[in-house]
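[1] Build me a model:
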Amino acid sequence: MTGNHLTPQNATITTATIQVQALTIGKKQVTLAVFRQLQETPLIKDDGNLLGEPWGIVNYHPDKCADAPAHLHVVWQYGDELRRSAVQMPGVGRHSHPIADLYVQARIIYGTIHRPHAQPEAGDSLHLSEKTPGGWRMFTKGRFRHDGMDFEGAVPDRLRREWKRFEGTVPNEDRRAFEMALTMLGISPAEPVDQITAKLLAMLPTEQYRATVVELTQLPQLFIAV
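    Coordinates of the predicted model:
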C-alpha cells in the first residue's frame with residue numbers, strides 16, 4: 001500500500017505529446033481511488049490567500065458533489081503532503097467565514113436584525129427566516145449578501161433562541177464572548193453599532209477571494225486514471 005500513497009516526493013505531473021498532463025506516482029497514473037484518499041483541506045485561508053502551493057485541477061467529484069454550487073477540485077501541496085480542496089466559485093452558493101459569523105451575531109445582539117416572522121427592511125439582505133407557502137422557515141445560520149457574494153453566518157443556539165423570543169435580552173456569556181472577539185479584531189465594543197457592523201463587513205476578503213479563485217482557474221487540468 002505504501003507505493004500507492006500520494007506524496008509530493010513520489011507524485012509528478014507528466015506531459016504527453018498532445019499536452020495532456022497526468023498526475024502520476026512513479027510511472028503509474030494516479031487512480032480515482034488514490035485521489036479520493038487525499039485529505040480534503042481548505043486551500044484558501046480566511047484572508048483570501050493560498051495556504052499552500054496548488055498543482056492543478058481534477059475534473060472529478062470525489063464526494064458526489066457534482067450537483068453542488070460551481071466549484072473546483074484542486075490538488076495542492078501543504079508542506080510535504082499532497083491534499084485536495086473543493087474551492088467554491090465566488091458568485092455561487094453561500095460562503096462561510098468567521099467574520100460572517102460575527103456580523104450576524106452583532107446584528108442579533110444589537111437588535112438591528114428583522115423580527116421573527118417578518119421580512120428584513122428594504123435594502124437589508126440579512127435574514128434568519130423566510131416566508132414559504134407553508135409558513136415561516138427558520139434558518140440555523142444567518143444569510144446575507146455582500147460585495148457580490150452570498151454568505152452565511154453561524155449563530156449559537158442560545159442566541160438564536162433569544163432572537164426568536166425577540167425580548168432584547170442577550171445572555172451575558174454570549175455578549176462577553178462577542179465583545180472579546182471584537183477586541184481581538186481591533187474593534188472597540190463601545191463604538192457605534194453601525195460602525196461596528198460596517199467594519200466587520202469591510203473585513204470580509206471578497207476581493208482577494210475572487211482574485212485567488214481567478215488564479216486557480218488558470219491551473220492546468222490534471223488527468224487521473226479510472
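
[2] Please identify which helix or strand holds Pro120.
    Using DSSP states H and E, Pro120 falls within no helix or strand.

[3] check which helix or strand covers the nearest residue to Pro42 once chain neighbours are set aside.
    By the measure of C-beta to C-beta, 6 or more residues apart in numbering, the closest residue to Pro42 outside its immediate chain neighbours is Ser85, 5.8 Å from it. For every residue, glycine as well, the C-beta is placed using N, CA and C. Taking DSSP H and E as the definition, Ser85 sits inside strand 81-88.

[4] go on, Arg161?
    Under the criterion of DSSP H and E, Arg161 resides in helix 157-165.

[5] What's the mean pLDDT across that helix?
    Averaging pLDDT along helix 157-165 yields 86.

[6] One more: stretch 219-226?
    pLDDT averaged over stretch 219-226 gives 84.

[7] How far off centre is that stretch?
    In terms of C-alpha atoms, centre = their mean, to the nearest Å, the centre of stretch 219-226 is set 24 Å apart from its chain centre.

[8] So which elements touch the strand holding Ser85?
    strand 39-40, strand 71-78 (3 or more C-beta pairs under 8 Å, 6 or more residues apart in numbering; DSSP states H and E).

[9] sorry, back to before: show me which parts of the helix holding Arg161 are buried, residue by residue.
    Across helix 157-165, burial judged by 16 or more other C-beta atoms under 10 Å covers Leu159, Arg160, Glu162, Trp163.

[10] likewise stretch 216-226?
    Neighbour count says stretch 216-226 has Leu216, Leu219, Leu222, Phe223, Ile224 buried, by 16+ other C-beta under 10 Å.

[11] Restrict it to CA atoms and write it as CSV.
    The C-alpha trace of stretch 216-226 is given here as CSV (Å, rounded to 0.1, in the frame of the first residue of the first chain):
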residue,chain,number,x,y,z
LEU,A,216,-6.7,28.9,-9.5
THR,A,217,-8.8,28.7,-12.7
GLN,A,218,-5.6,29.2,-14.7
LEU,A,219,-4.1,25.9,-13.3
PRO,A,220,-3.6,23.0,-15.7
GLN,A,221,-6.2,20.2,-15.6
LEU,A,222,-4.6,17.0,-14.2
PHE,A,223,-5.9,13.7,-15.6
ILE,A,224,-6.2,10.6,-13.4
ALA,A,225,-6.9,7.0,-14.3
VAL,A,226,-10.4,5.5,-13.8
